[in-house]
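[1] whatever this is, show me its structure:
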Amino acid sequence: MEQIASFTIDHLQLLPGIYVSRKDKAGAETLTTFDLRMTRPNFEPVMNTAEVHTIEHLGATFLRNHPDFADKTIYFGPMGCRTGFYLILAGDYKSDDIVPLITEMYEFIRDFTGEVPGAAAINCGNYLDMNLPMAKYLADKYLREILYVIDEKHLNYPI
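    So this is what the prediction gives:
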């Protein structure tokens, strides 16, 4: 059985950042999957489900309403390990191509006020599992420690 590509990345060397996880073809279109790694795997605590769920709702809302990327956003959702998120965009991209988009998205999350979109029983299967203050804290941490100072070691998987 062939090993999944993401399982070949050395998670003991992996740092928070933005990485191209894979590129796939859907007809003539290239789909780029990004690994938006927010915490260092196996070194930092993972994110709790409430803040992950909140970031998912806010990130999806931001991306699906973005003037340039709404029609290119295929998927945004959490990693099962709770160390980050996957973003799939229609198009052939490099990690540094989307730094402005991801920075803008995390600023949106950090600065968000009010009711989390879709956080109601009619809209969501687990609407009570939300933590906006912690989501805002984690977004700010990711911005300060990674996105505002991003460099090559946070844009390319470790070899």
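
[2] what does stretch 144-159 contact?
    The contact list for stretch 144-159 (Cβ atoms under 8 Å, 6 or more residues apart in numbering) reads 9-10, 13-19, 38, 95-96, 99, 102-103, 106. C-betas here are computed from N, CA, C, even on glycine.

[3] with stretch 84-102 instead?
    So stretch 84-102 is in contact with 16-21, 23, 26, 29-39, 55-56, 59, 63, 66, 68-69, 71-79, 147, 150, 155-156, going by Cβ under 8 Å, 6+ apart.

[4] mark which of the residues you listed are buried, thanks.
    Buried members of the contacts of stretch 84-102, scored by 16 or more other Cβ atoms under 10 Å, are 16-21, 31-39, 55-56, 59, 63, 66, 69, 72-74, 76, 78-79, 147, 150.

[5] filter those residues down to the ones in strands?
    Secondary structure from DSSP state E places 17-21, 31-37, 73-74, 76, 78 of these in strands.

[6] around Ile98, count how many other residues there are.
    21 (other Cβ atoms under 10 Å).

[7] distance of it relative to Thr49?
    Remark: distance between Ile98 and Thr49 (Cβ to Cβ, to the nearest Å) = 25 Å.

[8] in this structure, where is pLDDT below threshold?
    2-5 (pLDDT under 70).

[9] next, Gly91: phi, psi?
    Per-residue torsions, Gly91: phi 130, psi 160 (degrees, to the nearest 10).

[10] and the residue nearest the centre of the chain, how far from Ser21?
    Central residue of the chain (Cα atoms, centre = their mean): Phe85, 3.4 Å from the mean position. Remark: distance between Phe85 and Ser21 (Cβ to Cβ) = 11 Å.

[11] name the helix or strand for Phe108, please.
    helix 99-111 (DSSP states H and E).

[12] lovely, talk soon.
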